[in-house]
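Visitor: Sequence first, then the predicted structure, then my questions.
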Amino acid sequence: MHTLWVNNKKSIKLAMFFVGTIIGAGFASGRELLTYFLPFGTSILPFIALLGLFFFVSAYLYIKVGQVHKPTNIEDFNKLLFGKASIVFNYLIILSYFVFLSTMLAGLDSLSKVAFPNIRFPIFSLLSVFIAIVIVARGASGILNVNFVVIPFIILIIVAVCVYSLTRPLPPPEYLIPHARLTPFTIASMLSHIALYIGTNMLLAGGALAKFSAEGNEQNLGDKIQNYSGQSTDNSFLKKLNNDSIKASLLGGVFIGVLVAIFILALFLSHRSIVQEDIPLIFLSHDLPAHFIIVIYMVLFAAIITSLCSALFASSHFVNDFIKHKPIAITLTALLGYIISRFGFNFLITYFYPLLGVIGLVYIARLIVVYFSKTKNSPTETGLSKKYYKPNNLET
């Protein structure tokens, strides 16, 4: 067991970061899944395997491009994907990251209103801003280590609540969320919603996956940099690097696919009034003992923190270009995200997330082109020459 852990440590940590970025305020609350898949009801379930597969492929593309081309920041990554048009996507990605950051903070406000209806002061979101600033100031290692510790527990609790909900008697048929009849048009619509869902989530996860993967060529993820410039870039090393990429992507895709399937089943087999809830997961657990409800609140808080840190980590890099003092840049980024979060959780997910999904799909399309044209047969990938392997000493 110890050998298995040591051999797969990088893959597991990267997979947990990937899953942790997806399981943010939108997912963990259940609101995001209702936004994307409500029109189809339980008819979407047979297609969730495709969702997991597409997440696996998308994550693999981001990780491999990151490992081979080693972008030091998102501007480098955009330049690789879009060339001269990268400046446009720099602004689009800034907007996207701030929307993600603001949504996490708005989700914390919604959680606070449900947990403490008599307290108007936004204590959860302000406390989370402080925690996220501390974690992000530690760099990539801080985020990876936090995700690695809390994500398995978050998954366990979400699954437990969903399974408990499914053990209860079903509401009368007229009070269930209707399921769509499978027609060619419905199937096409399902696939488009799945694509948008993946595009939205990979937009945040992907850029950070690429950057962390670039660092993964030089360090044990989450540990201090170990420069490989003195080592031979032989086929055995490159083969292990490729295996790590596949395992991390596959683990992440499987975890997300299974979790989405269980969550959707629980959501769509509950009373249809759940669609009005800001935090449907609380609705699913409403008749559980009080002490378990407290645990669920804590899990939601932790789930939001993981994505909040990823969004703050990504968006603060842009601010850091203008404000060179890193802690100040991170703090100002968090405060700006807090201001935008005043639009509200439901509003941000309903109206902004589908737009982000379109942007995310453009990134995935370009990744496919770059992978086959510049990555798959590159010197670093094939191990043709050591002189091409030039690790970047990235700050963590």
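Guide: Nice, thanks for sending it over.

Visitor: which intervals of the stretch 1-150 of the chain have sub-threshold pLDDT?
Guide: Applying pLDDT under 70 to the stretch 1-150 of the chain flags residues 1-10, 25, 139-145.

Visitor: show me where it has helices.
Guide: 2-7, 9-22, 25-29, 31-37, 48-69, 74-82, 86-115, 123-137, 140-167 (DSSP state H, counting those that start in this stretch).

Visitor: Buried residues, the fourth one. List them.
Guide: Neighbour-count burial for helix 31-37, counted by 16 or more other CB atoms under 10 Å, picks out 31-37. To be clear about C-beta, it is placed using only N, CA and C from the backbone, and glycine gets the same treatment.

Visitor: Return the closest of those with respect to G207.
Guide: When the buried residues of helix 31-37 are compared for distance to G207 (CB to CB), E32 wins out at 19.2 Å.

Visitor: got a list of what that closest one touches?
Guide: By CB atoms under 8 Å, 6 or more residues apart in numbering, the residues touching E32 are 26, 197, 349, 353.

Visitor: quick revisit: farthest pair within the buried residues of helix 31-37?
Guide: Of all pairs drawn from the buried residues of helix 31-37, the greatest distance, 11.6 Å, lies between R31 and F37 (CB to CB).

Visitor: before we move on, the earlier item: distance to A365 for the helices of the stretch 1-150 of the chain - can I get that in a markdown table?
Guide: A markdown table is the format used below for the helices of the stretch 1-150 of the chain (distance: least, CB to CB, whole Å):
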| stretch | distance to A365 |
| --- | --- |
| helix 2-7 | 34 |
| helix 9-22 | 20 |
| helix 25-29 | 23 |
| helix 31-37 | 20 |
| helix 48-69 | 10 |
| helix 74-82 | 9 |
| helix 86-115 | 12 |
| helix 123-137 | 30 |
| helix 140-167 | 27 |
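
Visitor: Quick check: which of those is buried the most?
Guide: Between these, helix 25-29 has the highest mean count of neighbours, a mean of 28, where neighbours are mean count of other CB atoms under 10 Å.

Visitor: same for it, what does it pack against?
Guide: Counting contacts by 3 or more CB pairs under 8 Å, 6 or more residues apart in numbering; DSSP states H and E, helix 25-29 packs against helix 31-37, helix 86-115, helix 280-284, helix 290-322, helix 345-370.

Visitor: out of the ones you listed, nearest to I177?
Guide: I177 lies closest to helix 31-37 among the helices and strands packed on helix 25-29, at 8.8 Å (CB to CB).

Visitor: Quick check: F318 touching I94?
Guide: Yes. F318 is within contact range of I94, at 5.2 Å (criterion: CB atoms under 8 Å).

Visitor: phi, psi of H271?
Guide: Backbone geometry at H271, expressed as degrees, to the nearest 10, gives phi -60, psi 140.

Visitor: Could you list the low-confidence segments of the stretch 251-396 of the chain?
Guide: Applying pLDDT under 70 to the stretch 251-396 of the chain flags the ranges 375-396.

Visitor: what does stretch 266-277 rub up against?
Guide: For stretch 266-277, the external contacting residues (CB under 8 Å, 6+ apart) are 30-31, 33-34, 38, 41-42, 161-163, 165-166, 170-171, 175-177, 179, 280, 283-284.

Visitor: For it, which residues meet the burial criterion?
Guide: So for stretch 266-277, counting by 16+ other CB under 10 Å, buried means 266-270, 274-275, 277.

Visitor: end-to-end on it?
Guide: 14 Å (CA to CA, to the nearest Å).

Visitor: And for stretch 276-296?
Guide: 19 Å.

Visitor: Mind listing what's buried along it?
Guide: In terms of neighbour count (16+ other CB under 10 Å), stretch 276-296 has its buried residues at 277-285, 288, 293, 295-296.

Visitor: So for Q226, what pLDDT did the model give?
Guide: Looking at Q226, its pLDDT is 34.

Visitor: Same question for the one 4 residues further on.
Guide: Predicted confidence (pLDDT) for G230: 37.

Visitor: cool, and S249?
Guide: 86.

Visitor: is it true that it touches L53?
Guide: No. Between S249 and L53 there is no contact under CB under 8 Å: 10.6 Å.

Visitor: neighbours of the closest residue to K326 other than its chain neighbours, just the number please.
Guide: Nearest residue to K326 in three dimensions, chain neighbours excluded: N320, at 5.9 Å (CB to CB, 6 or more residues apart in numbering). N320 has 17 neighbours, counted by other CB atoms under 10 Å.

Visitor: Same check on the one 4 residues further on?
Guide: By the other CB under 10 Å criterion, the neighbourhood of K324 contains 8 residues.

Visitor: So it: helix, strand or coil?
Guide: coil (DSSP: H, G, I helix; E, B strand; the rest coil).

Visitor: about what we covered before: closest to L312 out of the helices of the stretch 1-150 of the chain?
Guide: Comparing the helices of the stretch 1-150 of the chain under CB to CB, the one sitting nearest is helix 123-137, at 4.9 Å.

Visitor: list the helices and strands the closest one packs on?
Guide: Under the contact rule (3+ CB pairs under 8 Å, 6+ apart), helix 123-137 is packed against helix 86-115, helix 140-167, helix 290-322, helix 326-340.

Visitor: Could you dump those into a markdown table and include distance to I256?
Guide: As requested, the helices and strands packed on helix 123-137 are exported to a markdown table (distance: least, CB to CB, whole Å):
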| stretch | distance to I256 |
| --- | --- |
| helix 86-115 | 17 |
| helix 140-167 | 10 |
| helix 290-322 | 13 |
| helix 326-340 | 24 |
